[in-house]
Every structure is written in structure tokens, then in C-alpha cells.
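Asker: take a look and give me a structure for this.
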Amino acid sequence: MDTNSTSKPKKSGMGRFFLGFLLIQGILFTVEMQRSVQDAVIQPFTASLAWISSALMKSFDQGVYSHGVIIGSTDGSFAVEIAAGCNGVEASIILLAAILAFPAPWKHKFIGIAIGFLAIHAANLVRIISLFYLGQWSPQAFEWAHLYIWQALILLDVIIVWLIWVRKIPHKQVEPA
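Answerer: You can find the predicted model right below:
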């Protein structure tokens with residue numbers, strides 16, 4: 001029995017992960033919200049996302065255009081703006097923070113980040129395209145799907161990608177907590 005009163009209790013691996021996860025998210029979200037980062041990175045990324053979405057739609061529907069962060073129908077009947085929270089950046093930050101906070105070799109972290117980024121943004125492209133067409137059909141259905149269904153599905157994508165990544169890490173190579 002250790003009776004040394006000066007010994008500090010060790011933080012659990014889960015507690016260390018959770019604190020790291022929160023700290024990394026806080027840093028990344030703070031950086032992401034900076035006007036210079038918005039102007040130099042986020043807005044151009046979002047405009048590229050609108051362009052890619054409209055290019056994919058143009059492969060089967062010539063009545064679509066994009067201009068900056070706007071995707072619209074050429075007949076002027078409907079348009080959407082890809083706003084903050086709809087560009088996949090926040091979902092990517094959550095996944096990035098979870099992977100970076102988890103004790104694993106850097107090689108596996110880089111693989112998880114790359115595959116996770118692709119998975120999140122592929123799902124987000126499907127989200128944007130489906131919401132564009134849903135909005136043309138029914139504004140009420142668009143709002144409901146936009147606010148509830150797709151928000152949950154994108155976060156579920158983040159969780160599933162992270163869980164699969166954690167399961168694929170060779171157990172021998174997980175850094176001790």
C-alpha cells in the first residue's frame with residue numbers, strides 16, 4: 001500500500017484523450033474562425049465545393065450553375081448558398097481533433113486524416129447535391145433534411161470513420177496512454 005501523500009493520481013488514457021480532443025478542437029475552431037483564415041482558406045474551399053458540386057450535377061443536368069459559394073438553377077427558380085457549417089470544415093475539424101488526440105503512430109494518423117477527409121467530403125457532396133434537388137421539389141422538405149437529417153448523417157459519418165480508424169490501428173503500435 002502506497003502511503004505517499006505527495007504522489008499524484010495518473011490521468012486515465014480516456015481522460016487524456018478527451019482533454020486533448022477538446023483542446024485541439026478549441027485551437028482548430030479558433031484558427032478557422034479568424035477572418036484571415038476565412039478569406040484565404042475557407043471561402044475559396046467552399047467556392048471550390050460549390051464548383052465541384054455543380055460540375056457533378058452538370059454531368060446529368062445542364063440547368064445548373066455555380067458562382068462563388070452559390071449553386072443555382074439556370075432558370076432562376078432555385079439557388080442555395082453553401083454557408084459555414086455546410087462546407088464540411090467543422091466535421092473535418094472534429095475528426096482531425098479525434099485522430100490527433102488518440103494515441104497512435106503518426107503514420108496511422110496521417111492515413112486516417114486523409115481517408116477521413118475524403119469520406120466526409122464525399123458525403124458532403126452527396127448532401128449538397130441532394131439538398132439542391134430537394135429544395136427545388138419542396139422548400140419544407142429541404143429545411144427539414146438540411147437541419148436534421150443531413151446534420152446527423154455527417155456527424156455519424158465522422159463517428160463511423162473514427163471508429164473504423166481506431167479498430168484498424170495495429171494494437172501493438174498504439175502508444176501507451
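Asker: next, count neighbours for Leu56.
Answerer: 15 (other C-beta atoms under 10 Å). Heads up, the C-betas are built off the backbone N, CA and C, glycines and all.
Asker: I'd like the next helix or strand past the strand or helix carrying Leu131.
Answerer: Using DSSP states H and E, the element containing Leu131 is helix 106-137. Once the chain leaves helix 106-137, the next helix or strand it forms, by DSSP H and E, is helix 139-144.
Asker: chain center to that following helix: distance?
Answerer: The chain centroid and the centroid of helix 139-144 are separated by 22 Å under C-alpha atoms, centre = their mean, to the nearest Å.
Asker: can you point out the buried residues in it?
Answerer: Phe142 (16 or more other C-beta atoms under 10 Å).
Asker: angle of the very next helix or strand once past it against helix 106-137?
Answerer: Heading C-terminal from helix 139-144, the first helix or strand you meet, by DSSP H and E, is helix 150-168. Relative orientation of helix 150-168 and helix 106-137, computed by axes from the mean of the first three to the mean of the last three C-alpha atoms, to 10 degrees: 160 degrees.
Asker: what are the phi and psi values at Val80?
Answerer: In terms of degrees, to the nearest 10, the main-chain angles of Val80 are phi -130, psi 150.
Asker: need the contact list for it.
Answerer: With contact set as C-beta atoms under 8 Å, 6 or more residues apart in numbering, Val80 has these partners: Ile70, Ile71, Gly72, Ile128, Leu131, Phe132, Gly135.
Asker: what's opposite it in the beta bridge?
Answerer: Judged by DSSP bridges, the bridge partners of Val80 are Ile71.
Asker: what is the neighbour count of Ile129?
Answerer: Other residues close to Ile129 by other C-beta under 10 Å number 18.
Asker: okay, it: pLDDT?
Answerer: What the model reports as pLDDT for Ile129 is 96.
Asker: can you check Ser7 too?
Answerer: pLDDT at Ser7 comes out at 48.
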